[in-house]
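Build the 3D model from these lines:
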Amino acid sequence: MGTTQLETVPEPKYWHLKTVLSEALDSDFAVGEILPNERELAARFGVARATLRQALEQLELEGRLQRRRGVGTTVAPPRVGVSVGTEQHDWPGTAGDAWQAVDCAVGAPPLAVARLFDAEALDEVHTVRRIRTTHGQSVAAELLYVPASSVPDLTAIDAPSGPARARSVLRELQRLDLEGQDRAVELGSARADDAKELDRLPGAPVLVVTTRYFSLGRTVAVSVATYRADTCRLTFGDSGDVQISHDGHRQAS
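Alright, predicted model coming up:
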């Protein structure tokens, strides 16, 4: 990383420094590499540490850097594309799925999830927990809720929990004919369990993608996937339709 003096730059120093640092990240650093400490960087570029922090914070917001607890500031991997279009027509866990099943439990779903199903009450729901990683880092965590009525042929012979049980639930779900799905995206804050899973602080910004899967004329599964906002970008299908929510009312744009 070269040395650049910024005293004569007409634009805000931190903004120009952000541009210089971004170029250096592309040419001088590898994904996951730890940046020098603030004192060293500030000395190299001839700026105050407050100016440097502003530039680093902006790069973190743009997904170029990650601040990892106990590690320091590292170069972030390329952002993961999160498709929010409805042109996809696959069940979770099919070939090419980037998610890894890690656990499965049985119980009642959260009320907000239960409302998405077409049933009065759901006492027995398989909750499959999956993780998506890139460059060795967890970038998203998913809870897939599958009512027992959606996978009636799931046998008790299978393991009661763990990855094997999760894969069994996914296989049974894939036996159904997928009739369609819808997807909603909102900005949220990481809960304590999500933050631990994604190596973020509680309250860090996340993207929450909720997907309903339809078969047999009803909702047969609901996915709630939490993505790190600093490592993900939204992608859209050919239709270009985006659902925008204003105070609970959605409209297409």
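
so what's Thr210 up against?
Taking C-beta atoms under 8 Å, 6 or more residues apart in numbering, we find Thr210 in contact with Leu116, Arg183, Ala184, Val185, Glu186, Val222, Ser223, Val224, Ala225. (Glycine included, C-beta is placed from N, CA and C.)

How much space separates it from Asp26?
35 Å (C-beta to C-beta, to the nearest Å).

likewise Leu187?
Leu187 is 28 Å from Asp26, by C-beta to C-beta.

cool, Leu61 as well?
As for Leu61, its distance to Asp26 is 18 Å (criterion: C-beta to C-beta).

cool, Ala221 as well?
From Ala221 to Asp26 the distance is 41 Å (C-beta to C-beta).

Look at the two and report which has more neighbours.
Ranked by neighbour count (other C-beta atoms under 10 Å), Ala221 and Asp26 place Ala221 first, with 28 against 9.

State whether the more buried one is indeed within a strand.
Yes - according to DSSP: H, G, I helix; E, B strand; the rest coil, Ala221 belongs to a strand.

Apart from its chain neighbours, what residue comes closest to it?
Closest residue to Ala221 apart from its sequence neighbours, by C-beta to C-beta, 6 or more residues apart in numbering: Tyr213 at 4.3 Å.

Only the buried residues of the helix or strand Leu21 falls within, if you could.
Per DSSP states H and E, Leu21 falls inside helix 13-28. Within helix 13-28, the residues that count as buried by 16 or more other C-beta atoms under 10 Å are Lys13, Tyr14, His16, Leu17, Lys18, Val20, Leu21, Ala24, Leu25.

Who are the packing partners of it?
helix 49-61 (3 or more C-beta pairs under 8 Å, 6 or more residues apart in numbering; DSSP states H and E).

Please pull up the helix or strand immediately following the helix it packs on.
Taking DSSP H and E as the definition, the helix or strand right after helix 49-61 is strand 65-68.

Are there helices or strands packed against whichever helix or strand comes after that following strand, and which ones?
Sequence order places strand 72-75 as the next helix or strand after strand 65-68, per DSSP H and E. If you count contacts as 3+ C-beta pairs under 8 Å, 6+ apart, strand 72-75 packs onto strand 65-68.
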